[in-house]
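Student: 3D model of this:
(one chain, ligands or ions: 1)
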Amino acid sequence: MLLERAYAKVNLTLDVLHRRPDGYHEVDMVMQSIDLSDLVWLERHPEDRIVLESNATYVPTDDRNLAVQAAKLFLRRTEISAGVHINLEKNIPVAAGLAGGSSDAAATLRGMNRLFGTGLSFDELAEMGAEIGSDVPFCVYGGTAIARGRGEQLTRVEHRCHMYVLLIHPRVFVSTADIYKGLRPGDFTVRPTSEQMVTALVNDDVDVISRLVSNKLQPVTFGIYPEVMQLSEKVEAVTRHPVHMSGSGPTLFLLAPTIQQANRMYNALRGIMRDVYFSQFVGNVSSLTSLQPKSE
Ligand code: ATP
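Tutor: Purely as a prediction, here's the structure:
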């Protein structure tokens, strides 16, 4: 049996440039992997079928599960006829803007490649993953990247900036499609901030990073789900720290450069709300690097 970790991501920036004729929106965003992860265990199944089991009762275990879709696509593309058993341990909140499902699909592609010794490159796996979802290619590599197009065109970024990330998951189910539908032409960005964000990451300039974190979908999500906005205001009042939203939400997050600051905020929040997660930036999957924490 082999294990692949499926890391969650947060959006450090998310700009939407326009709506494309194919219905997708053209985005420009900086994605960052964090160490909150699902565990994907893979082994051969004696029959030629894909079987998925999960500790989570609220994700589908059939063909709707993105890990099952990834396993099937992999077998089809490599022309391997075999069965696989997937055990999926969910730790990433579902439909939360953290790319949990996409990351499970990406981890399954990496794991299948190991299980069958097929030796495909990460680029080949990412190309396969794009058929499953726009965020899957990023999740194949992890780390940090600028994602453009519908999210599948990646410019990978190397940096040594380490940050702690506190996540607050409001117990609200958000449909990504509804949030994009709620965008008005005036919400579109002319000049995205991704290049500036990357410079700040490379320079390890925490103040500039904090100032640049932005998400064009946040006002839309807050408008449709006022309870998420209220929670954000509460978190900001308690921590006296800027609160951000990842993807289409509803997960909120705070960034802290030191463990002391992260601990202070975590303790303040844990006393008054549920579903607070303590996480941190991680580097790309192939080198499995943990970015170096700083002391205060
Ligand atoms: P993104 O940030 O890419 O928009 P998300 O974090 O908002 O993704 P997911 O957790 O990936 O959303 O779940 C979105 C939907 O996908 C849910 O409705 C869920 O039922 C379905 N789904 C399919 N496979 C999975 C999986 N392996 N894990 C979680 N959800 C899955």
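
Student: Give me the phi and psi for the residue of the stretch 101-250 of the chain found nearest the ligand.
Tutor: Proximity of the stretch 101-250 of the chain to the ligand (C-beta to the nearest ligand atom) peaks at Gly101, 2.6 Å away. Every C-beta, even on glycine, is put in place using the N, C-alpha and C of the backbone. The phi/psi pair for Gly101 (degrees, to the nearest 10) reads phi -60, psi -40.

Student: Contact partners for the nearest residue in space to it that is not next to it in sequence?
Tutor: Leaving aside its sequence neighbours, Gly101 sits nearest to Leu66 (C-beta to C-beta, 6 or more residues apart in numbering; 4.3 Å). Going by C-beta atoms under 8 Å, 6 or more residues apart in numbering, Leu66 touches 101-102, 104-105, 132-133, 136.

Student: What about the residues you listed, which are in helices?
Tutor: 101-102, 104-105, 136 (DSSP state H).

Student: Format those as TSV; extra columns: neighbour count.
Tutor: Compiled in TSV, the ones in helices among the contacts of Leu66 are given as follows (neighbours: other C-beta atoms under 10 Å):
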residue	neighbour count
Gly101	28
Ser102	25
Asp104	31
Ala105	30
Val136	29
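
Student: Any chance of a markdown table for the residues you listed, columns pLDDT?
Tutor: Shown next, in a markdown table, are those (pLDDT from 0 to 100):
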| residue | pLDDT |
| --- | --- |
| Gly101 | 97 |
| Ser102 | 98 |
| Asp104 | 98 |
| Ala105 | 98 |
| Val136 | 97 |
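
Student: would CSV of those with distance to Val202 be doable?
Tutor: Shown next, in CSV, are these (distance: C-beta to C-beta, whole Å):
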residue, distance to Val202
Gly101, 30
Ser102, 26
Asp104, 30
Ala105, 29
Val136, 26
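
Student: so Ala268, which of the three states?
Tutor: Classification of Ala268 by DSSP: H, G, I helix; E, B strand; the rest coil places it in helix.

Student: swap in His85?
Tutor: strand.

Student: So what sits opposite it in the bridge?
Tutor: Beta bridges link His85 to Glu43, Val51, judged by DSSP bridges.

Student: Which parts of the stretch 101-250 of the chain are strands?
Tutor: Along the stretch 101-250 of the chain, the segments classed as strands by DSSP state E, counting those that start in this stretch run 144-148, 153-157, 164-168, 214-215, 244-245.

Student: by contact count, what packs against the second one?
Tutor: If contacts are counted by 3 or more C-beta pairs under 8 Å, 6 or more residues apart in numbering; DSSP states H and E, strand 153-157 sits against helix 136-141, strand 144-148, helix 194-202.

Student: now the angle between strand 144-148 and it, please.
Tutor: Strand 153-157 runs at 160 degrees relative to strand 144-148, counting by axes from the mean of the first three to the mean of the last three C-alpha atoms, to 10 degrees.

Student: strand partners of strand 153-157, parallel vs antiparallel please.
Tutor: When pairing is defined by DSSP bridges, strand 153-157 lines up against strand 144-148 (antiparallel).
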